[in-house]
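A.B. asks: Fold the following and give me the result.
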Amino acid sequence: MEGIFLLGEKVKKVIFRENGPEIWESSGERNDNLSVPGFDFWMDTWLDNVRLRVKESSYVKYYNIVKNHLKPAFGAAAVKDLTTVAVEAFIAEKIQGSEKRGLAEKTVRDILTVLKEICKFASTNGEECPCHFELIRLRKTETRIHVLNKKEQACLEAFLMRDQDLIKTGVLMSLHMGLRIGEVCALKRQHILMDSGILQIRCTMQRLQNLEDDMHQRTKIVVTEPKSTASVRDIPIPQFLMDRLGVLQYAEGGAYVLTGKTDGYIEPRTLENTFKKYLKQCRLDAINYHALRHTFATRCIEAGFDVKSLSEILGHTNVNITLNRYVHSSMEQKRINMEKITVGSKNTAV
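C.D. replies: So this is what the prediction gives:
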């Protein structure tokens with residue numbers, strides 16, 4: 001493997017050998033007097049390498065992890081300095097925080113994953129990393145996820161059903177079909193099969209940091225394929241939603257569902273803010289938009305929905321994700337189950 005990289009203020013050619021990288025001057029002469037590249041070099045090289053293999057959203061995430069967390073901590077270090085003790089101390093600082101509170105568990109886990117991948121990349125190119133990542137364990141904590149109870153859900157549904165507004169229809173699709181916010185925003189008329197009553201999930205919309213040379217815009221809207229192959233799916237549309245979507249019957253195929261226009265869309269951030277306004281008008285506690293998806297999954301399980309089918313509707317890669325992440329027993333359901341084994345019930349008879 002070889003490549004052209006910026007080392008210091010000069011462009012160098014680097015060839016990765018089994019015993020380490022060879023660095024060549026732009027003149028074509030090998031330079032054995034240059035010091036071994038530091039860990040910052042491997043971070044930049046890994047980013048260049050991974051950019052060719054991942055989605056833009058993933059690359060932006062990795063770029064910011066490297067820029068905001070890894071370079072400040074290890075930018076001046078050599079790969080050999082990344083001992084298990086050093087990495088553990090770094091992770092502990094991220095969890096505990098200093099003046100500010102520590103980072104979220106998922107964020108710290110993502111940082112550790114990227115650091116591990118960079119070290120693995122450096123190791124495959126001749127560097128020796130002394131860190132034993134398998135010894136670094138993060139304590140897993142349960143994250144409380146809000147699910148609308150049945151009374152709250154009924155209140156929200158009554159508000160959304162007052163008129164035929166397309167944005168409200170989109171919110172109802174998330175509540176009754178489990179769509180992610182980016183999937184709703186990217187929906188177009190062509191994704192609705194009116195004759196068969198099927199919704200095709202083929203795209204997702206998100207706002208990403210702009211890392212291109214043109215920095216007049218700090219962020220940009222991108223529409224890409226969904227997060228995984230399992231997220232590309234077909235979902236039967238409930239009849240009441242088919243009735244609401246009927247207003248788009250003669251719209252152009254490229255028209256966005258939330259606007260009915262080809263030249264205008266609603267981005268996720270705007271939809272999230274609009275949803276919060278809806279909650280306020282309903283006098284409901286503020287929750288994030290994704291709680292609609294959680295609520296949909298929970299109601300399905302409570303109704304005895306086949307978990308395999310639900311997993312496919314949600315776009316999960318396996319059933320365990322559906323059970324562990326999106327299914328939350330309500331207190332009402334727990335009470336019903338507990339009553340099944342109370343003294344004097346048929347289930348306790350000998």
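
A.B. asks: going forward, measure contacts and count neighbours with C-alpha atoms only.
C.D. replies: Fine.

A.B. asks: Please report phi then psi for the residue nearest to Val114 when sequence neighbours are not counted.
C.D. replies: In space, and not counting its chain neighbours, Val114 is closest to Tyr62: 7.0 Å by CA to CA, 6 or more residues apart in numbering. With angles defined as degrees, to the nearest 10, Tyr62 sits at phi -60, psi -40.

A.B. asks: ok, Tyr62 - how many residues close by?
C.D. replies: 21 (other CA atoms under 10 Å).

A.B. asks: likewise Arg139?
C.D. replies: Neighbour tally, Arg139, other CA under 10 Å: 7.

A.B. asks: quick one: the residue nearest to Val114 and Gly253, what's the gap?
C.D. replies: 35 Å (CA to CA, to the nearest Å).

A.B. asks: Quick check: the residue nearest to Val114 vs Met205, distance?
C.D. replies: On the measure of CA to CA, Tyr62 and Met205 end up 19 Å apart.

A.B. asks: what about Glu128, helix or strand, and which?
C.D. replies: Using DSSP states H and E, Glu128 is not contained in any helix or strand.

A.B. asks: Just confirm it contacts Leu82, I think it does.
C.D. replies: No - using CA atoms under 8 Å, Glu128 is not in contact with Leu82; the gap is 9.6 Å.

A.B. asks: what residue lies at the spatial centre of this structure?
C.D. replies: Most central in the chain under CA atoms, centre = their mean is Lys227, positioned 7.4 Å from the mean C-alpha point.

A.B. asks: Contacts only, for that residue.
C.D. replies: Thr204 (CA atoms under 8 Å, 6 or more residues apart in numbering).

A.B. asks: what about it, distance to Gln153?
C.D. replies: For Lys227, the distance to Gln153 - CA to CA - is 28 Å.

A.B. asks: Also Lys188?
C.D. replies: Distance, Lys188 to Gln153, by CA to CA: 26 Å.

A.B. asks: More neighbours: those two, which one.
C.D. replies: When Lys188 and Gln153 are compared for neighbours, Lys188 comes out ahead with 28 against 16, by other CA under 10 Å.

A.B. asks: so that one makes contact with Gly254?
C.D. replies: Yes - counting by CA under 8 Å, Lys188 does reach Gly254; the two are 5.7 Å apart.

A.B. asks: Looks to me like Gln206 is in a strand.
C.D. replies: Yes - assigned with DSSP: H, G, I helix; E, B strand; the rest coil, Gln206 falls within a strand.

A.B. asks: count of neighbours near it?
C.D. replies: By the criterion of other CA under 10 Å, Gln206 has 18 neighbours.

A.B. asks: Ok, Ile167 next?
C.D. replies: Quick note: Ile167 (other CA under 10 Å) scores 20 neighbours.

A.B. asks: what's near enough to touch the closest residue to it other than its chain neighbours?
C.D. replies: In this structure, Ile167 finds its nearest non-sequential neighbour in Leu258, 5.0 Å apart by CA to CA, 6+ apart. Residues in contact with Leu258 (CA under 8 Å, 6+ apart) are Leu166, Ile167, Thr169, Gly170, Val184, Cys185, Leu187, Tyr265, Ile266.

A.B. asks: 10 Å instead?
C.D. replies: Neighbouring residues of Leu258 by CA atoms under 10 Å, 6 or more residues apart in numbering: 165-171, 184-189, 264-267, 271.

A.B. asks: Next: Pro130.
C.D. replies: Neighbouring residues of Pro130 by CA under 10 Å, 6+ apart: Val79, Lys80, Asp81, Leu82, Thr83, Thr84, Val85, Cys119, Ser123.

A.B. asks: would you turn the residues you listed into TSV with pLDDT, neighbour count and distance to Asn320?
C.D. replies: Shown next, in TSV, are the contacts of Pro130 (pLDDT from 0 to 100; neighbours: other CA atoms under 10 Å; distance: CA to CA, whole Å):
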residue	pLDDT	neighbour count	distance to Asn320
Val79	94	24	37
Lys80	93	14	39
Asp81	93	18	39
Leu82	95	20	35
Thr83	96	15	35
Thr84	96	17	32
Val85	95	14	34
Cys119	97	24	30
Ser123	94	17	34
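
A.B. asks: Tell me which of those fall in helices.
C.D. replies: Mapping the contacts of Pro130 onto helices (DSSP state H) picks out Thr84, Val85, Cys119, Ser123.

A.B. asks: now, which of those residues sits nearest Asp243?
C.D. replies: Cys119 (54.6 Å; CA to CA).

A.B. asks: Off-centre distance for stretch 182-201?
C.D. replies: How far stretch 182-201 lies from its chain's middle: 21 Å, per CA atoms, centre = their mean, to the nearest Å.

A.B. asks: so Leu112 makes contact with Cys131?
C.D. replies: No - look at Leu112 against Cys131 with CA atoms under 10 Å: they stay out of range, at 11.8 Å.

A.B. asks: which neighbours do the two share?
C.D. replies: Val87, Glu88.

A.B. asks: before we move on, the earlier item: between Glu128 and Leu82, which contacts overlap?
C.D. replies: Cys119.

A.B. asks: Now stretch 293-307: average pLDDT?
C.D. replies: Averaging pLDDT along stretch 293-307 yields 89.

A.B. asks: Stretch 56-76 too?
C.D. replies: 95.

A.B. asks: Stretch 263-280 now?
C.D. replies: Stretch 263-280 comes out at a mean pLDDT of 97.
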